[in-house]
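Participant: Pasting the sequence and the predicted coordinates here, then a few questions.
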Amino acid sequence: MLDFSDIEIRRETARIEQKELCERAGVHHQTYSKLKNRPGAQGATEQTLKKLKTALDALVAERMRKLSETTGENHG
């Protein structure tokens, strides 16, 4: 099962704005804020967590791709 805290840690580590992740995932920012401000709360549906994870994975991949393009490295 997905865990919201894992998504939040990855988002912060990747320096992705909460707003950007929410827009990409199609999740309302108030929903995200409620989950963030209530650790351990059973509020997120599996579908919401999957949407956030999928969007986060895509955003991280895009950042890695841009980084490799600017540094001339190929991370395959």
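Facilitator: Ah, there it is.
Participant: Leu21: how many residues sit nearby?
Facilitator: By other C-beta atoms under 10 Å, the residues close to Leu21 number 23. From N, CA and C alone the C-beta is placed, and that goes for glycine too.
Participant: cool, Gln30 as well?
Facilitator: So Gln30, with other C-beta under 10 Å, has 9 neighbours.
Participant: Give me the pLDDT for it.
Facilitator: At Gln30, the model reports a pLDDT of 92.
Participant: which residues does the residue nearest the centre of the chain contact?
Facilitator: The centre of the chain sits closest to Leu56, judged by C-alpha atoms, centre = their mean, with a distance of 3.2 Å. For Leu56, the contact set (C-beta atoms under 8 Å, 6 or more residues apart in numbering) comprises 7, 10-11, 14, 16, 21, 25.
Participant: In this structure, what helix or strand scores lowest on average pLDDT?
Facilitator: helix 29-37 (a mean of 89; mean pLDDT, DSSP states H and E).
Participant: helices or strands next to that one in the packing?
Facilitator: With contacts defined as 3 or more C-beta pairs under 8 Å, 6 or more residues apart in numbering; DSSP states H and E, helix 29-37 has these neighbours: helix 4-13, helix 18-25.
Participant: I'd like to know which of these is closest to Lys34.
Facilitator: Smallest distance to Lys34 across those (C-beta to C-beta): 10.3 Å, for helix 4-13.
Participant: buried ones in the closest one?
Facilitator: Using 16 or more other C-beta atoms under 10 Å as the test for burial, helix 4-13 gives 4, 7-8, 10-11.
Participant: now the angle from it to helix 18-25?
Facilitator: On the basis of axes from the mean of the first three to the mean of the last three C-alpha atoms, to 10 degrees, helix 4-13 is oriented at 120 degrees to helix 18-25.
Participant: List of residues touching helix 4-13?
Facilitator: So helix 4-13 is in contact with 18, 21, 35-36, 39, 44, 49, 52-53, 56, 60, going by C-beta under 8 Å, 6+ apart.
Participant: pLDDT check: weakest of the residues you listed?
Facilitator: For those, the pLDDT minimum is Pro39, 60.
Participant: Columns distance to Arg65 on top of the contacts of Leu56, output as CSV?
Facilitator: Putting those into CSV (distance: C-beta to C-beta, whole Å) gives the following:
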residue, distance to Arg65
Ile7, 21
Arg10, 17
Arg11, 18
Ala14, 13
Ile16, 14
Leu21, 17
Ala25, 19
